[in-house]
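Novice: Take this sequence and fold it.
(2 chains)
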Amino acid sequence: MTDFTPFQSLIGGVLIGISAIALMELHGRIAGMTGILSGVIPPITQDWPWRAAFLAGAIIGPLGYILAGNTVAFAVPVSMLALIIGGLIVGIGVTYSAGCTSGHGVCGMARLSPRSIVATVVFMIAAFATVFVIRHVIGG
Amino acid sequence: MNKLLSAFAVGIIFGIGIAISGMANPAKVLNFFDLAGTWDPSLIFVMGGALVTTAIGYRIVFKNSSRPLFEPFFSVPTSRTIDIQLVGGSGLFGIGWGIAGFCPGGAVPALGLGYGETPVFLAAMIAGIVAGRALKSRTALALGT
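Specialist: Residues are numbered from 1 along each chain as shown, chains lettered A, B, ... in the order given. A predicted model of the protein is given here:
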């Protein structure tokens, strides 16, 4: 079980939104993790410095947040093998879809991009179905 | 330099937002997807909060700014093509997300929380991105696109 945290989740979501607005206003970029991260995986894009700076911030932010005395719930209820297989599939998938939850699900949906709406509907349904199969068909 | 500091600061807000929201916690993400079991609807609030905020903010940005502060123009995707790559890729992504509980935007900030599982997922995901690129250029050749 995990606790229902509507309040924290809403605040977190609004912060994600603020960062997406700021990245557009300041850098003219979509705050999509797939796109930003892909640019620093060789062959590296020419505009890698801002990407690396954003990624460093995205990692150091939560680190600073817990060092400041806050707690962040974290648990991995799956095996190492599932992490590896899931990671490989996620990596291949987001390369073809050119975006993930942040890029399509937040930024693209906010622009009412037809591609992003289709992508988001598809990956959400796929994730619900996968968890159902793993937990209630295979596991149940 | 200002440009890099700005991107760094925006990254911090993104990362803290992800951490607070629960998106960096695979247990919470998987419970959100487990409608028939230990359902935790919290992530509706993450997606809703992020989406509404961004939709309003983008509108203001595009209305009031002719260009971003640090760049000559807005780099917004213009493709409207809905093809097998988009649908199949999204389907695969959702399957992987449901297996591992991590998405890219959740996993990168999770690195900062200091648990050993996160780099395992990220290493596999990066390998997947590299493999995906190779596959994608092959399919492009095969399809003649």
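
Novice: Give me the mean pLDDT for stretch A:117-129.
Specialist: In this model, stretch A:117-129 has an average pLDDT of 98.

Novice: buried stuff in it?
Specialist: A:117-124, A:126-129 (16 or more other CB atoms under 10 Å in any protein chain shown). Using the backbone N, CA and C atoms, a C-beta is placed for each residue, glycine as well.

Novice: Check stretch A:58-65 too.
Specialist: Result for stretch A:58-65 [16+ other CB under 10 Å]: buried residues A:58-63, A:65.

Novice: Also stretch B:126-142?
Specialist: Buried, per 16+ other CB under 10 Å, within stretch B:126-142: B:126-130, B:132-133, B:136.

Novice: what's that stretch in contact with?
Specialist: Under the criterion CB atoms under 8 Å, 6 or more residues apart in numbering or on different chains, residues A:37-38, A:41, A:87-96, B:85, B:96 lie in contact with stretch B:126-142.

Novice: what about 6 Å?
Specialist: A:41, A:88, A:91-92, A:95 (CB atoms under 6 Å, 6 or more residues apart in numbering or on different chains).

Novice: For the spatially most central residue of chain B, give me its contacts.
Specialist: Nearest to the mean C-alpha position of chain B, by CA atoms, centre = their mean, lies residue B:105 at 4.0 Å. Residues in contact with residue B:105 (CB under 6 Å, 6+ apart) are A:33, A:101-102.

Novice: what about 8 Å?
Specialist: A:32-33, A:100-102, B:14, B:18, B:23 are the contacts of residue B:105 under CB under 8 Å, 6+ apart.

Novice: That one sits in which helix or strand?
Specialist: Assigned by DSSP states H and E, residue B:105 falls within helix B:104-111.

Novice: Could you find the closest non-adjacent residue to the residue of chain B found nearest chain A?
Specialist: Minimum separation of chain B from chain A (CB to the nearest CB) falls at residue B:128, amounting to 2.0 Å. What sits nearest to residue B:128 in space, not counting adjacent residues and going by CB to CB, 6 or more residues apart in numbering or on different chains, is residue A:91, at 2.0 Å.
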